[in-house]
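Curious how this folds, go ahead:
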Amino acid sequence: MEKISKYTEKEIIERVLNGEKPLYEIIIRRYNPYLYKIGRSFNFNHEDTEDLMQDTYIDAFKSLSQYEERANFKTWLIRIMLNNCYRKKQKSYVKNEQSTELIHENANPMFSKKTNNAQEQLLNLELGHIIEISLSKIPEDYRMVFSLREMNGLNVSETSNLLEISEANVKVRLNRAKSMLRAQIEKAYSTDELFSFNLKYCDPLTEKIMDKINKL
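The predicted structure is shown next:
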């Protein structure tokens, strides 16, 4: 596989559409961390998030010829991931409602690193769990704005378009989300470490997705 940094999205897309399927792996590896943070921000577990990522990459591959450069590719891909997450969440709501009926019938640049030692940060799993738990308790409307802006690096306009809310609302929700989290975690971790997609997961997931892509 050629170096990930060698090609722009435009070059990769053009070459993939011209039959060079293996280059799609660059897209997968490049955006795994972003999509993983999106899935976890919906409070899906690791396994469900990987399934959603796989569906998103396959959906994107099938629609690659429809991608228009007017939209940033990262934003376009995240929109597909968001739609998949929304659908899964909706199915979960329906399933939970049905289960309940049966029972009744029968019955930010916000953070700064505390240390520059990356290994120490990664090994501090207890604090990592505190961060994830704290973020998961924030209402979804605020959590998603925080995820897109602080964890995935989207700007206000991109976040506004993806979530279909005003730019002013994006700013208000982000400030509110920060205030909910700041006291507990701002001195311990950087946003890069929130819901990090460990490299040990990257190869197996990428291979699994590419195997399905190559069969299309």
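
so where do the strands sit in the chain?
With DSSP state E, there are no strands along the chain.

And the helices in it?
9-17, 24-41, 46-62, 73-106, 118-123, 125-136, 140-146, 156-163, 167-185, 199-214 (DSSP state H).

I'd like the ones you listed written out as TSV, with mean neighbour count and mean pLDDT added.
To be clear about C-beta, it is placed using only N, CA and C from the backbone, and glycine gets the same treatment. Formatted as TSV, the helices of the chain follow (neighbours: other CB atoms under 10 Å; pLDDT from 0 to 100):
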stretch	mean neighbour count	mean pLDDT
helix 9-17	16	92
helix 24-41	22	93
helix 46-62	19	96
helix 73-106	14	73
helix 118-123	12	46
helix 125-136	14	69
helix 140-146	21	92
helix 156-163	18	95
helix 167-185	16	86
helix 199-214	14	91
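
What does residue 70 show for phi and psi?
Main-chain torsions, residue 70, degrees, to the nearest 10: phi -60, psi -30.

Give me the neighbour count for the nearest residue to residue 62 once chain neighbours are set aside.
Excluding its sequence neighbours, the residue lying closest to residue 62 (CB to CB, 6 or more residues apart in numbering) is residue 216, at 7.1 Å. Neighbour count of residue 216, defined by other CB atoms under 10 Å: 8.

do you know how far residue 216 is from residue 15?
Spatial separation of residue 216 from residue 15 under the definition CB to CB, to the nearest Å is 16 Å.

same check, this time on residue 171
On the measure of CB to CB, residue 171 and residue 15 end up 39 Å apart.
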